[in-house]
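K.L.:
requesting a structural model of the entry that follows:
(2 chains)
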Protein chains: 2
Amino acid sequence: MSDYAIGIDLGGTNLKAALVHRADGLVERRVTPTEADQGPDHVVDRMAGLVRDLLDAAPETGVAGIGIGSPGTINWERTTIRQPPNLPGWLEVNLRTALHSRLADGIPDRTPDRTDDKTDDEGEDPVVLVENDANVAGLGSAYYGSGRPFDSFVMVTLGTGVGGAIIYQNRIFRGATGAAGEIGHMTVNHAGPFENFGIGGAVEGYVGQRFLSHHARLRLRSQTDSLVHTLLDGDLDALSPKTLYEAAEAGDEPAREVLAWAGHKLGVVLGSAVNLLDIRTIIVGGGVSAAGTYILDPAREALREFTIPNLRSGLQLLREDRGNDVGLLGAARLAFDGEDAQVGR
Amino acid sequence: MSDYAIGIDLGGTNLKAALVHRADGLVERRVTPTEADQGPDHVVDRMAGLVRDLLDAAPETGVAGIGIGSPGTINWERTTIRQPPNLPGWLEVNLRTALHSRLADGIPDRTPDRTDDKTDDEGEDPVVLVENDANVAGLGSAYYGSGRPFDSFVMVTLGTGVGGAIIYQNRIFRGATGAAGEIGHMTVNHAGPFENFGIGGAVEGYVGQRFLSHHARLRLRSQTDSLVHTLLDGDLDALSPKTLYEAAEAGDEPAREVLAWAGHKLGVVLGSAVNLLDIRTIIVGGGVSAAGTYILDPAREALREFTIPNLRSGLQLLREDRGNDVGLLGAARLAFDGEDAQVGR
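P.N.:
As a prediction, the model looks like this:
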């Protein structure tokens, strides 16, 4: 099997892809707009274009396969994405079939040729595997990022939403149907505000970018001495997590308080996760994790407070030091591991 | 290997043991007071006595081994219990060694004789395995109880505390050190009341027997028309969950409201667990589950409300129909399965 694979990150705005070497990591990368509004066929065409481009950059031996990280629910077979939240109008798309039909000559294909007389209908699937974007970030961290020293950890990605993954004994814990890891929708307060999935008091409703910005506006509106007003020229509607970090960095106490408030909620939910899983290493990635200590220190404190004493030894919350690259790396890793990348297989 | 095994339930009050047939389930059972106040040595003596008694009842072929369900934290090797909450003064006890030394002739022993010249220091452990009591209840349910039709489910035991277990693909998910499944200590409200481990708003702080009784007293004190006052001859201090069920059965609305309040908290935490695990079958066992519909119906409602829409299909909350027997059955099952009874081996 080739030591190269292609990883794709299917985002609502951008389509990223990389050629990845099994040991060395990222070799080449490409980014192009997703143009999701033009529908699945168009996007898969664009994905196939990126793949062809990267195959040209790969050595003669080709690639082990293609792995794709995608938002939304993925089926157990890792072929199909369903209603990805950032790709409006996509209902159910079998990416393996769609991509494979466009690339039949370029990637390893162990599917028996249906036109011949072979009776073995089972065959083997072509190595195109799709997995939830938080799960591939976890897998990427496990093999190429901050997760390398640990067999098991919980990955949390802080961005538009709050994603999660359980890496157990170096593999993705997928649950009964492949949808495990939805930490962002675990509640920390049953009477709390709703988030995107309508769950009251789920952590995404506090820490997800849009929610955090919303809460910060309410909290800071009357605190006219906060630096955020200056940073935004008085237009509080333009507030984003980035504004909060900038103000916090500059020493603004009100901004720090909001970030600490959000970090506390994150730590609470992680404590619950540790109690349930007995997995004591947490790795935080994604854009909002750039808030660093202002979110993560309060999260660490709450994590400890909400973890039962017997499980506090060895408890740690780390920041993913490879940033968003773990998504591409983990997607490629899917292709190296094949179906073996999950617990229970 | 024999088709019989012995299961032991090490409770704070009673020591229960049973001879279990792999296919037929419970064959013989024994109960005796634990006498925990007389210390570990005394209790292990009593356990050994029960085992000898049951070995006499076993066929000539003997037993496959002995499994023990115990409160407290169990080590990864399944030999040792640490600080079991209902056994005051027990710090760390290696039950495998302790029991084995008392039963050297009666149970299968594949440990090499240390007095001979064999250099194989690894050897094989005698088949005495200890596991957390909620985990063995889950295993018992999976093989002999309401869990039989399901590969994966979450077990919750409602009693003095709220125990939990994750059964994943017919095995116990143990986490990194063997302590996974502490559902009772997952929080449903970060600002809620403390429970035994000092976690704010953990579900045990609402649904655990003592806490439920405490909350009910506060709630019902001023509701003088509630039937519980009559049932208790005005002595509200004597209120227990049992009083609540009796009043609820008799149609008392205030008692039903308290049970529904507790059931709601249970459903909330189970929704969080489903979001994290993508395991959609919940089985509720233990004493408090006798409250049946008064707790479980509100729990079902909240479970659905706090589970993300993508995971609601197939969601179900069932009552364990084998009652507390699943603890003994699951303990014996440990011995049939050996080290294989856990995910990740």
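K.L.:
now for the closest residue to residue A:279 other than its chain neighbours, how many residues are close by?
P.N.:
For residue A:279, ignoring the flanking residues on the chain, the nearest one in space by CB to CB, 6 or more residues apart in numbering or on different chains is residue A:152 at 4.8 Å. In short, each C-beta sits where N, CA and C put it, glycine included. Using other CB atoms under 10 Å in any protein chain shown, residue A:152 has 23 neighbouring residues.
K.L.:
tell me the pLDDT at residue A:152?
P.N.:
Turning to residue A:152, the model gives it a pLDDT of 98.
K.L.:
do I have it right that it meets residue A:167?
P.N.:
Yes - the pair residue A:152 / residue A:167 is scored as a contact, 6.0 Å apart, by CB atoms under 8 Å.
K.L.:
work out for me the element residue A:5 sits within.
P.N.:
According to DSSP states H and E, residue A:5 maps onto strand A:4-10.
K.L.:
what about that strand, average pLDDT?
P.N.:
On average, strand A:4-10 scores 96.
K.L.:
stretch A:252-264 now?
P.N.:
Rounded mean pLDDT across stretch A:252-264 is 97.
K.L.:
who touches that stretch?
P.N.:
Applying CB atoms under 8 Å, 6 or more residues apart in numbering or on different chains, the contact partners of stretch A:252-264 are A:206-207, A:212, A:215-216, A:219-220, A:223, A:225-228, A:243-245, A:247-248, A:291, A:294-299, A:301-302, B:190.
K.L.:
would you map out the domains in chain A?
P.N.:
Chain A breaks down into these domains under automatic domain parsing: A:4-138+A:326-341, A:149-321.
K.L.:
and residue A:207, backbone torsions?
P.N.:
Backbone geometry at residue A:207, expressed as degrees, to the nearest 10, gives phi -110, psi -20.
K.L.:
and residue A:200, by the same measure?
P.N.:
Taking degrees, to the nearest 10 as the convention, residue A:200 sits at phi -70, psi 130.
K.L.:
one step back: partner strands of the strand holding residue A:5, parallel or antiparallel?
P.N.:
With DSSP bridges as the test, strand A:4-10 is paired with strand A:14-21 (antiparallel), strand A:66-70 (parallel).
K.L.:
mean pLDDT and mean neighbour count added to those, as a markdown table?
P.N.:
Formatted as a markdown table, the strands paired with strand A:4-10 follow (pLDDT from 0 to 100; neighbours: other CB atoms under 10 Å in any protein chain shown):
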| stretch | mean pLDDT | mean neighbour count |
| --- | --- | --- |
| strand A:14-21 | 96 | 22 |
| strand A:66-70 | 96 | 29 |
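K.L.:
dump those strands into JSON lines; add distance to residue A:315 as well.
P.N.:
JSON lines is the format used below for the strands paired with strand A:4-10 (distance: least, CB to CB, whole Å):
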{"stretch": "strand A:14-21", "distance to residue A:315": "32"}
{"stretch": "strand A:66-70", "distance to residue A:315": "28"}
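K.L.:
returning to what we had before: most packed of the domains of chain A?
P.N.:
Comparing the domains of chain A by mean neighbour count (mean count of other CB atoms under 10 Å in any protein chain shown), domain A:149-321 ranks first with a mean of 22.
K.L.:
could you tell me the least trusted of the domains of chain A?
P.N.:
Of all those, domain A:4-138+A:326-341 has the smallest average pLDDT, which comes to a mean of 85.
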